[in-house]
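K.L.:
quick check, what structure comes out for this input:
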Amino acid sequence: MTFITSYLADKLDRKALLIDEWIEHKTISKHKLIYSSLDVRNSGYKIVPIDANLFPAGFNNLSSNSIKQAKNIVSSFLKSHKAESEEVIIIAESHTRNAYYVESLINLEQILSSFFFKVTFAHLGEEDISTSSPSGCSIQIASLGSIKLNNQIIILNNDLSEGATDLLKSLANTILPPFELGWFQRKKTKFFELYQELVNEFASEFDFDSFYLSSVVKNCSEINFKTSSGIECIALNAEKTLHLIGEKYKQHSIKLEPYVVIKSNSGTYGMSVMTAKSGEDVYQMNKKRRTKMNAGKGGVITSDVVIQEGIETIENYKGLIAESMIYSLAAKPLSLIYRTHDDRDSKSNLNSPGMKFYEMDSNCKNSEFTYHYLVAKLSNLALIREIETYPYK
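P.N.:
Numbers count the residues shown, from 1 in each chain. The predicted structure is shown next:
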């Protein structure tokens, strides 16, 4: 048992029922968080979310048992949002050359389809697409503009890094999650701000130190990595963050070397990410590193970054460095998946080419992951609050 699991067990285990009631009370009724995936790291001294994705694309990693459980969760959720139509439209990414993403869509279709709902795939391009998964299953993805729309429930599985179309905006009432949460305007710092507020509330209610479930996060905007404009802001805030972390580590007798992760304030796919142990590391970025930081998915320029406390993972699987991904449906944790990498160390970004995935727990009952699931529940509450902050009708 690590320090953090021992500490949390001592503080929280006897209050499990009260904690469940507290989380249920905080959950907004008829919320719009149909699904999420959360990257959670355990350093042995703290367990924290390091990223939160509203448009998860790894359903191919779920077991048949998880898919069965997911169907039960989603069925009641969709009924509560049911419009006049009994059809669900999944708006997919257009990068269907990724065969594993196609497999993810097929599993998502299994989860969403039921006696009540028929599932249709669509995308935002102008041409229909026919594609296949590694297992040989083929799917048809229609152009959204070619579908007769009649109050169907629309499930967005496209992170909108490159923006929302006018057609999507006209369908705002029936889209889950709301299109406003696409990466064309969503900022990671908003999630971390709301998560910190919730952890502070939770820690106050249950009498423990919020330090153990949260991390230090700052950000810089108006950055241009190509010209190095704004680099001084990143370096300065990296130094400030490292100092804050160092002071906290001293207070809690933690003998780890502080470092920070610098990454785009929008976007996924592990792009535009670097680590630093000093402001000087930022100033010393070479042209190759600045080029990698300059743009993310779809070539979208990185002009706003997060400077985040680095969380060194102690988890491993089959001798490989690992970190947890927790998939949730309707704000309920469903499955914990390990992301591993042959060529990365415990401080590195594991969300990079060469990563592998292994489902570790498909029923949320493995006591080893009790506090990972607690972090996921608090993170989902923060995501629900985040959705409520966006102006949609």
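K.L.:
which non-adjacent residue is nearest G163?
P.N.:
F184 (4.4 Å; CB to CB, 6 or more residues apart in numbering). (C-beta placed from N, C-alpha, C; glycine too.)
K.L.:
where's the one you found, which helix or strand?
P.N.:
For F184, there is no host helix or strand (DSSP states H and E).
K.L.:
looks like it contacts A164 (just checking).
P.N.:
Yes - the criterion here is CB atoms under 8 Å, and F184 meets it with A164 at 6.3 Å.
K.L.:
wasn't L350 part of a strand?
P.N.:
No - counting by DSSP: H, G, I helix; E, B strand; the rest coil, one finds L350 to be coil, located in no strand.
K.L.:
with adjacent residues omitted, what lies nearest to it?
P.N.:
Nearest to L350 is H341, by CB to CB, 6+ apart, at 4.6 Å.
K.L.:
and the strands in the stretch 251-393 of the chain, which stretches?
P.N.:
For the stretch 251-393 of the chain, the strands defined by DSSP state E, counting those that start in this stretch cover 260-264, 273-276, 305-309, 316-317, 320-329, 332-341, 355-361.
K.L.:
dump the ones you listed into JSON lines; add mean neighbour count as well.
P.N.:
Shown next, in JSON lines, are the strands of the stretch 251-393 of the chain (neighbours: other CB atoms under 10 Å):
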{"stretch": "strand 260-264", "mean neighbour count": "26"}
{"stretch": "strand 273-276", "mean neighbour count": "20"}
{"stretch": "strand 305-309", "mean neighbour count": "24"}
{"stretch": "strand 316-317", "mean neighbour count": "14"}
{"stretch": "strand 320-329", "mean neighbour count": "24"}
{"stretch": "strand 332-341", "mean neighbour count": "22"}
{"stretch": "strand 355-361", "mean neighbour count": "17"}
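K.L.:
adding mean pLDDT and distance to R385, write these out as a markdown table.
P.N.:
Listed next are the strands of the stretch 251-393 of the chain as a markdown table, based on pLDDT from 0 to 100; distance: least, CB to CB, whole Å:
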| stretch | mean pLDDT | distance to R385 |
| --- | --- | --- |
| strand 260-264 | 95 | 22 |
| strand 273-276 | 92 | 26 |
| strand 305-309 | 97 | 19 |
| strand 316-317 | 94 | 33 |
| strand 320-329 | 97 | 15 |
| strand 332-341 | 96 | 17 |
| strand 355-361 | 95 | 26 |
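K.L.:
and those strands: which comes nearest Y101?
P.N.:
strand 355-361 (12.9 Å; CB to CB).
K.L.:
can you tell me the closest non-neighbouring residue to K26?
P.N.:
L381 is the one closest to K26 (CB to CB, 6+ apart), at 5.4 Å.
K.L.:
same check on V217?
P.N.:
F192 (4.4 Å).
K.L.:
quick revisit: list phi and psi for the residue nearest to G163.
P.N.:
The phi/psi pair for F184 (degrees, to the nearest 10) reads phi -70, psi -20.
K.L.:
same question, Y35
P.N.:
Torsion angles, degrees, to the nearest 10, at Y35: phi -160, psi 170.
K.L.:
name the spans of the protein whose pLDDT lies under the cut-off.
P.N.:
1, 82-84, 96, 115-116, 268-270, 298, 391-393 (pLDDT under 70).
K.L.:
again, 80 this time
P.N.:
Filtered on pLDDT under 80, the chain yields the residue ranges 1, 79, 81-86, 95-97, 114-117, 133-136, 172-173, 268-271, 295-300, 390-393.
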